[in-house]
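>>> Curious how this folds, go ahead:
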Amino acid sequence: MACACEEAAHECRLVVLTGGPGAGKTAVLEIVRRAFCEHIVVLPEAATILFSGGFPRHDTEAGRAAAQDAIFRVQRAMEAMCLGERRAAVVLCDRGTLDGLAYWPDGTEAACRALGIRRDEELARYAAIIHLHSPGLENGYDHRNPQRIETATQAHELDLRIEGAWDGHPRRIFIDGEPDFLRKVARAVAAIRDQVPACCRTHRIPEVDG
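Numbers count the residues shown, from 1 in each chain. This is a model prediction of the structure:
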């Protein structure tokens, strides 16, 4: 979508949209792609890129570690590309580098050693973390995504581990599940728009603005 902003380049900020399985990220990101201007770039989920492209999904410690290492490298490469291009005001990441800590077989310290990172430095890379909580069975957990293999109980447990992975970030926004899914989506979209510079906020978003 066109934007009234005439800036040739922006100071690019990385914003993470995260949460447990079935939390509603796909719906939120679709609205952002459709309604926000060209200065807000959506990065696809690195795990989906890899697994849908045929990366082996082995339920072993070695398999999980290999997958999370690959996901981390792809995520970092996509972020570096956008930061280097300097065209985006906000790069909205479908999960960030620390999401993988929730899936790493040996925990946070082992993950950081294996990846060669410091957790505090990874936290500092991102301007904000918007966390959509997974719904419980009472709020309609959805199994239709072919890449989603978790039960509602497992999704809840993962949601808590992902929350813990980002613990300590100074700018976290939590969007809780509720019976009206569209209200949840609208709240998430509004939280994302709050991260966008004023020069890129002139567009109207029906799901938020009514």
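
>>> Without its sequence neighbours, what residue ends up closest to Glu207?
The shortest distance from Glu207 to any non-neighbouring residue, by Cβ to Cβ, 6 or more residues apart in numbering, is to Ala186 (5.0 Å). (Glycine included, C-beta is placed from N, CA and C.)

>>> number of nearby residues for that neighbour?
20 (other Cβ atoms under 10 Å).

>>> Tell me, please, where in this structure the pLDDT is lower than the cut-off.
1-2, 4-9, 136-150, 210 (pLDDT under 70).

>>> where exactly do the strands run in it?
13-19, 40-43, 90-94, 128-132, 172-175 (DSSP state E).

>>> Output these in TSV, with distance to Leu158 appended to each entry.
Shown next, in TSV, are these (distance: least, Cβ to Cβ, whole Å):
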stretch	distance to Leu158
strand 13-19	9
strand 40-43	20
strand 90-94	15
strand 128-132	12
strand 172-175	15
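
>>> Adding mean neighbour count, write these out as CSV.
Listed next are the strands of the chain as CSV, based on neighbours: other Cβ atoms under 10 Å:
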stretch, mean neighbour count
strand 13-19, 23
strand 40-43, 21
strand 90-94, 24
strand 128-132, 23
strand 172-175, 17
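
>>> Those: which one's closest to Asp209?
strand 40-43 (16.2 Å; Cβ to Cβ).
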